[in-house]
Structure formats: structure tokens, C-alpha cells
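Visitor: Sequence unavailable; structure follows:
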């Protein structure tokens, strides 16, 4: 690692002023758990890192609204989300995802904003937030805009964020009546990045599935909705045949890539199996969510 | 106090104590000394420029831009090294490895040049400015290809001269074979002719590495006529001898200092960075430190990948009457200790079975990948993987119970092992029985329902400890009676300092906690062959025992001399006061231990005394296989080992669990992915080792109740033993669960899934 300029601004305005729309060697940093790996590997050599640790304000904290929606500051550490009673009430799938998200040391410093802004398809929160229909509030010197997580993620380590934009908040809409699940499959160590992640969110009308969202991650270049799997599920009753056809549709639709965690044909099989398993798990959760 | 007839005599209060490690508090409170923390005045940091190609002639190296970078002290290549070390090749078996690449590069990651700077970041930045031009040569990566390839990694073989069985290879050209060990017992072909059935299988293991949590680090401080090296090494005595040879200095001008190690597992043996920092320090006339990053460790030393063709002839009663073993070891670009792995593991390649006709060919091969060396087991885990998978496959084919088949063929007490050496104090049958009984073998077992199938399997193994090797220890009883132990065994986390202190305490009848163990320093601590192969407790344990017994005898003599009555319990401090009139003087004892050994006959590998002791292990595994994904969960992992009388039962238990968990990673998922010679997952982000979530829900670690009669206080080493059987026990359990057989490690989910699909006759397509 080579030396670089580390700044710790205390306001959004100051932070935005330190970023540079033209210079890719200047980057904001949240917990730093992902960027440090890239820096150690020499694939990213920053000239300046702008730490958002001290920005505070709307960047940190978890707020639950009366309608059941959540607003989470981008710099909120994952451990705070993991242990939040509000999150457990409003979106328990997030709480259930946390214990197997990396390890406790990473969760103590990594942030929800960083998990989204990094654009790494192997991360666990982006598919979950996408399935929940979450949006982000983005700030920049030009002002503020809102974007669905689905539109934020544009490719392999690519997002819709400009170099002088910061995610300030993540909004999870009210989940009343919806049920969700996230399954990750690690091909090697339990602590490895997943070979495949599958998140689903749906409504259950007795044993009929409605308005399903199915998201694949890790095996694909970005967390991606599998709309053919959703179509196969919507209106179907929960049985082996419906799950098999949804799995088949999703496995066919997903653009899967080979890497050290598995070949593309194998990962396609994993997606096929995990769509069905995730739907079953979601249907088995408490109907309040 | 129990009375025994073992060396050391009666066992009293110190042997058998689960004493916490003497250094534990210093380690957990950050006070323990490590080479990484050491800084010398004027010290420079070196960063390495490495080859990006697997095989090629070096046409030019351009260091001019790097030299101009801010803060750079100097940039050095092999040409510079030659000015201070004219023949800069090192290695324990072959003098084949250059300090920096000379003329040719032989693997991706090979050190080609070094930048020195006071600031390591300045050195790192300057490394990026170095460029090299190569004439690329065809490369060979696979051990079987290397056997007959026209691509030769080395132009000529250069044995070091220290090993008799390598001499015939001197000057040999147009070959990649760095050792061809042969064992011939009986007539294997006649055996196959007589056999009712013959089975042949091929097994493979992958390239993995040690990944000690302390990466490689060395500091060289060379003066005109003397050099001091501070290094994270498992073998300071070898480092001293080899550096003295390279520099043409007597051994007393070379000082190797080794504080605690953050793990070694065989990686930190022989020369690693020591010759490089010495050469750089001579060139710069300043102390030079090189600390590798975790990522660079993938280019230092690895375990040997191996291909093992095994063929067994079985008579109609299920007795194995002939076995042929052809083992091909992928040694990488430099031999390191590979030829020793090839030979020593070859002694037991046919397994812990009583077989009349045995034929072993074991080959060390050069290839264009990171060199391979010793890794916790010295080749034995690769062999056991193959022969114990094979044993189950044969048993299944014969429709025999795998335990019964093993019992029928196991080496019984006193029977001659393949080399002709009788197996004594190797309780194979007892260990097989213990594992089988813990698994409730023969009783009903829940095979699972739905897509998750359950199975169980076991394996047994034997290893001959490496011989002959020597250890020397010195014990100094100071004027107040407190003992100081000088021994070269490196405590790299295995708890050897604590065990040695327990041996001193036992002999002198003092608490082990009162014994000071001096950190390794070759100016002070006497010779030891190396901390390797589970040899230290036995060999150094004896040396320490002998040194302590000499001190005890001298104390007794002093008592007599001073007119103290027989059996007087006068404190040692009072004896000294009486003798010298004040708190003064000391008593020094020394011990040297080298076991008996008869070298194997060239050509047949036969000997009646191949090793002073056997290491024996068994493992049992219960698994759950998700047949829809191939994911295997090891729900129960049993290890039963023989370590003689445990000196420190708690440390024995953690050695068993640590060894088997390390092997669990090698078994289930660890793999260096290599593409065109390039390691594509050379970081801990992409190469995962087992974490706490990978630990089986039930682990049973047992040291069987035995005594090693020729060991110090009945003890012998246990650092490696629980690595042997984990792999085949799990593969056998997977077969039991879902009827598929995997013959290549790792047993990762995709491999298992593909095997299941192939068995269902709907094979999964390739990439």
C-alpha cells in the first residue's frame, strides 16, 4: 500500500467539497473493509480517501416511521442494524441476514451505504434491499436525488453514483403483508463470499404467491431481478411444481459467470435450487412481514 | 508417583500436567517478541519485484526509473548479489535456488529485483517502476506432464551433497526428476498374478499452502566478517550452516536469532528470505528487513500437489497380497526439501497394512510453479488420502465391511512394515477399534431423508518419523537454583517451550513455571536439526532430559562434596552459598540425542530400522450431503492418535484439533487456482481457510492411552498426526452417504455435485 491523503470531514458540505468528480483516485470511504482489500491487492491506489466517519447527522442512525418504513443513515454500521429492534420489527429478513454476513469484525465497521456504493455483486445486503424495494437518497454539490437500489446497481463494481455523489440514506418501504427470505450459498469456507445469493420478497394469499420479487446475486455481475421467475411464481400455489418451474425460469434467465467459487453451469443449478428454497422459507415466515 | 522403566525414570509432578503455555500472557497482551516488530537503527526495508511469467530467459531488467524515485536507497538484481556472494544458489537438497533470479525465471512470483528504502512505502512505489524483458519459454505445470516433457525447468541438476541418495543425480541433464525413490519388497508382479482380484485407482491432491498468520519476515545485519539474522525460522541451525556456506564464513561468524513465531507448519524451514536479506545488507551496508505481505506468501512455498497411482492385488479371502504405488510429487520450480518428502513418505506409501509384495516408485518433479516443501505431515496426508480412499473402494468392491477389511490386513504388533522395519509401539489395531467404536460401527445409522443424505467413514495411517536427526540442549542451574534452558526448538505456537520446561521441571523436581527457556539464538542455543516432522518432543525432549539429568547428578555430587547427608533436601541456592561463600556459581549440564538408524538399501529401500518411532492415527467422520447442491457438512469429526504419554494433555488436545481443522480446509475447499502459471486467488479475500463456522459441531480428540518406551518419559510428537486421516475419512463418508467417490481434493460442493450428476447419468456440462 502506498501513502495517501486521509480526510475526515465533519459535515456533508465539507465532505462533498473534498471529492472530485473527475479524479477516480479520490474516493469516499465508509468502514473501509472492501476498499482496504483493493488497496492491499494494489488494484486501487488512492491519492485521497474522504472518510465519512465523522459526518454524522442524517448519515447515521436508524429511524422507524409510523407506517412501518425505515430510514437508515448510510454510515450506520452493520452491527447496529443487526441489533436494532426497529429493523427486526420492520424488515426481519435484514436481521436474519446479518449473522452470516462476513464476520463480527467486519460488521462492526462496515456500513450499509458502503455495501451499496461499492457495487460488489458478492455482498449480501444489496440483493436483500433490492428485494424489499429499498431506495437511496443521494447527495452531491448539485443537490439531492432519490434512486431505487435496483437502478443504483448498474454492473460489476459499477453503480449509478457519480464520483462526487454520496449515498446519505437508505429507505426501506413498509413491508406490511410481505414475506421475505435471503439464502446465501458458500462453496468453500462458511465465511467465504457467496457463490450464489437469492433474495425473495412476496405476498401470500393463503398458499398462493403474489407480487413476488426474486433477486440473484454473487453468481451474476450485479444483484439482478429474475423477472421470469417472478412471473412463474405470481398467482401460483406453493408446490414443488411451481417452485421447480420458477427455479428453472430463474436459472435460464440469470447471466451467470464462472470464477474460483464455481463454474457457471454449477451456479445456475444453485440458483435453480435456491429460488425454491427461498420461496418456501419466505412463505414459512410470520405473515405480518 | 508411578514407576516406569522408560528413559527419565519415575514420572512425578510435572509430566502429564495441563500447564497453560508459559508465554500465553505475553502473547495475548501483545508483549511477546516477534521479528515483525523489530527495528534496528539505520534499517532499510526491501520490497520485491517479481516475475510475471512462468518460464523465460531474462533479457533485461530496467531499474533506472525506480532508482530515481523519492526515498529510494538502491535497487538490486542478481548481478549485484553476485558481487557479494559469487555462487548465490541455496537449498537443503539441491543448490538450485538463486537468491534473485539469474538468467532465467522459473515461476510466476519469483523474486527478480529488490528496492531498498528507509520507508517501505517508498520501496513499494518504486517497485512499480521496474520493468523486465523476458524471452518466454514453454512451461510445465503438471507433475505427470513434467515426467516426460521436453520442457526442462533446470538445465542441470545440482544436488547439495548432503544426502547420499541424491549423489547419483549430479550433473544429470534433460530431466525434471529431482529424486526417484524405489522400494521393492517381494515380487509385486507375481503377487498380482496370484491375486483373485486386482484394483487400480488414481488419486490427486491440489496445491495449497501453509498460511501461517505471521507472514515470512527476516532482517539481515551483515558486517564485514560477521552477520546477524533475525528471522521467523523453524530451523535456525540450518540457516546458520547455509548462510556460512554462502558467505564462506565459519559458523561462529553467523548468528541467527529467532523470537516466537506466529505459526510455521513447515513453511519456515531452510532458507526463505534469509539469504536475500544477507546479500542486500552486504550490498547496502545497512540492516535490511523484508516482510512479505500475506499475498506474497503464495509465491514462497506451498504443499506438494501429488498424483498417486495405486494398484492392489487381493486374494479370495480379502488379503492384500501385492501393492504397487507410483507417486508423483509436484515440487515446483526449486527442490527445497521436496526430495526428502518424496523419499521419507515413500517408506509408508503402501499404508499401515501387512503386504507381502510391495513396489513403490516415488518421484520428485520440477515444474514452473511456486516451490513446494514440507507442510504438516511431510507428504503423508497426500498418501493417506489416496491409500485410504483406495482401501474403502476395494472393500466396497469386495462387498466387505471397510473396518473388517482393514482389520484383516492391518500391520499387527511386531510385523515387518514395507521397509522391513518391525512396527513396534504403533497401536494400529487399538486405534482402528477406538475410531470404529466411537462411530458405533456395525450399529444402525440414520442415513437421512429427502435431499440430505448422511454417511460415515474412517481411515487409519502410519508415518515413520524422519531419521536420523540430532538435537542438543544445555541447561544452566543458576546460583539461586532457577534453571535456564538453552535449546534450539522453535516455539511456533505448538507449545514446545512449555513442554521442554515440564521435562526440566520433572527431572529437577521444580515447577515447570520456574524454568526460563531462552529464545533461540545460535550464538547461545546449541545445534538442533529443525522444528519439523513432529520430531522435537522426542529428540529435543531427550536432549533436554539428558542435560537436566547431568545437572541433577552434579547437584547431588555437590551435596556429597559439601558433606550433606544422603537424601538431604537442602535448597540448591544454599548449596551454592555453602560452596562459594555467597550467591555465586552455576551448574551446567548438556545433552545430545541422536537415535539409532540404518539407512535404507539403495534400489530396494529396505532397512530393519527406518525410524526411532512411528506416528499412528485414525479418524472417523459423519457427514450430511445436500444432494441438490453437493454441499457437505461434516457433523462429527473424530481423531484418535498415539503420542505415547502426553507431556501436556491440553496441548496435545489442541494439537489434534488444530491439525485436523487445518487438514479439513485442505480437504473441503482450499485450493490455489493456477491459470497459465498465474495464481488467480492469491489473497485471503479469495483463498479461504477454515473459520469458526467451519468447525464440525462435534469434534472428538483422543490420545490413546499408551507409552512410547524409548521416548522421553514415554512421550513422542503429535503435531502432525491428526492431519493424516481427515481427508479420506470424509471422502469415505460421502461415498457412504450418497454413493459417489471423489478421487481428487478438494471435496468442494461443486465436485460432489458433479459426481452426483455423473452417477445419475445426467452429467453437468463444463464451463
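Guide: Nice, thanks for sending it over. Worth saying up front: this structure is predicted, and the values here are computed from it rather than measured. Numbers count the residues shown, from 1 in each chain, chains lettered A, B, ... in the order given.
Visitor: How far does stretch A:254-273 sit from its chain's centre?
Guide: Mean C-alpha position of stretch A:254-273 versus that of the full chain (C-alpha atoms, centre = their mean, to the nearest Å) differs by 19 Å.
Visitor: First-to-last residue distance for it?
Guide: 13 Å (C-alpha to C-alpha, to the nearest Å).
Visitor: Please enumerate residues in contact with that stretch?
Guide: Residues from elsewhere that reach stretch A:254-273, judged by C-beta atoms under 8 Å, 6 or more residues apart in numbering or on different chains: A:185-188, A:192-196, A:198, A:216, A:218-221, A:224, A:226, A:247-248, A:250-251, B:628-629, B:671, B:673, B:680-681, B:686, B:749-750, B:753-754, B:764-767. All C-beta spots, glycine's among them, are computed from the backbone N, C-alpha and C.
Visitor: if I pick the most centrally placed residue in chain A, what's in contact with it?
Guide: For chain A, the residue nearest the mean C-alpha position is residue A:126 (1.1 Å; C-alpha atoms, centre = their mean). Applying C-beta under 8 Å, 6+ apart to residue A:126 gives the contacts A:115, A:116, A:149, A:153, A:217, A:222, A:223.
Visitor: helix/strand/coil for it?
Guide: helix (DSSP: H, G, I helix; E, B strand; the rest coil).
Visitor: For chain B, list the residues in contact with chain A, please.
Guide: Proximity of chain B to chain A, by C-beta under 8 Å from any C-beta of the partner chain, involves residues B:121, B:124-125, B:293, B:295, B:628-629, B:631, B:665, B:668-671, B:673, B:680-681, B:683, B:685-686, B:688-691, B:693-694, B:748-750, B:753-754, B:764-767.
Visitor: how about 6 Å then?
Guide: Within reach of chain A by C-beta under 6 Å from any C-beta of the partner chain, chain B has these residues: B:121, B:124-125, B:628-629, B:669, B:673, B:681, B:683, B:685-686, B:688, B:690-691, B:693-694, B:748-750, B:764-765, B:767.
Visitor: Extract the residue ranges of chain A that are flagged as low pLDDT.
Guide: A:287-289 (pLDDT under 70).
Visitor: ok, which stretches of it are helices?
Guide: A:12-18, A:33-40, A:78-82, A:85-90, A:92-97, A:104-109, A:112-117, A:125-131, A:149-152, A:227-233, A:240-253, A:264-284 (DSSP state H).
Visitor: Which of the residues of chain B next to chain A are buried, as a ChimeraX select command?
Guide: Restricted to buried positions by 16 or more other C-beta atoms under 10 Å in any protein chain shown, the ChimeraX selection for those reads:
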select /B:124,125,628,629,669,681,685,686,688,690,694,748,749,750,764
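Visitor: Point out the ones among the residues of chain B next to chain A that are inside strands.
Guide: With DSSP state E as the criterion, strands contain none of these.
Visitor: Tell me which of the residues of chain B next to chain A fall in helices.
Guide: Among the residues of chain B next to chain A, the residues falling in helices (DSSP H) are B:121, B:124, B:125, B:749, B:750.
Visitor: Which residues are in contact with the last one?
Guide: Translated: residue B:750. A:262, A:266 (C-beta atoms under 6 Å, 6 or more residues apart in numbering or on different chains).
Visitor: change it to 8 Å
Guide: So residue B:750 contacts A:187, A:262, A:263, A:266, B:630 (C-beta under 8 Å, 6+ apart).
Visitor: Contacts only, for the last one.
Guide: What it means is residue B:630. Contacts of residue B:630 were listed using C-beta under 8 Å, 6+ apart, and they are B:748, B:749, B:750, B:751, B:752, B:753, B:754, B:755, B:756.
Visitor: Looking at those residues, spot the one nearest residue A:180.
Guide: residue B:749 (25.1 Å; C-beta to C-beta).
Visitor: Residue B:676 touches residue B:54, doesn't it?
Guide: Yes. Counting by C-beta atoms under 8 Å, residue B:54 is a contact partner of residue B:676 at 6.9 Å.
Visitor: Between those two, tell me which one has more neighbours.
Guide: Using other C-beta atoms under 10 Å in any protein chain shown, the more surrounded residue of residue B:676 and residue B:54 is residue B:54, with 26 against 11.
Visitor: can you pull the contacts of that one?
Guide: B:105, B:106, B:107, B:108, B:139, B:141, B:368, B:369, B:676, B:677, B:678.
Visitor: Next to chain B, which bits of chain A? Give me the list.
Guide: A:1-3, A:37, A:40-41, A:100, A:103, A:185, A:187-193, A:195, A:258, A:260, A:262-266, A:269-270, A:273.
Visitor: So what's the residue count around residue B:611?
Guide: Residue B:611: 22 surrounding residues under other C-beta under 10 Å.
Visitor: Not counting sequence-adjacent ones, nearest residue to it?
Guide: Of all residues not flanking residue B:611 in the chain, residue B:464 sits nearest, at 3.7 Å (C-beta to C-beta, 6 or more residues apart in numbering or on different chains).
Visitor: quick one: contacts for the one you found?
Guide: Taking C-beta under 8 Å, 6+ apart, we find residue B:464 in contact with B:344, B:347, B:348, B:417, B:419, B:421, B:610, B:611, B:614, B:615.
Visitor: Among those residues, which ones are in strands?
Guide: Per DSSP E, the contacts of residue B:464 map to strands at B:614, B:615.
Visitor: Let me see the backbone angles for residue B:487.
Guide: Main-chain torsions, residue B:487, degrees, to the nearest 10: phi -150, psi 150.
Visitor: and the residue lying closest to it once chain neighbours are set aside, helix, strand or coil?
Guide: Take residue B:487 and drop its neighbours on the chain: the residue closest to it by C-beta to C-beta, 6+ apart is residue B:473, 4.3 Å away. Of the three states, residue B:473 takes strand under three-state DSSP.
Visitor: Touching, residue B:473 and residue B:540? I think so.
Guide: Yes. Here residue B:473 lies in contact with residue B:540, judged by C-beta under 8 Å, at a distance of 6.3 Å.
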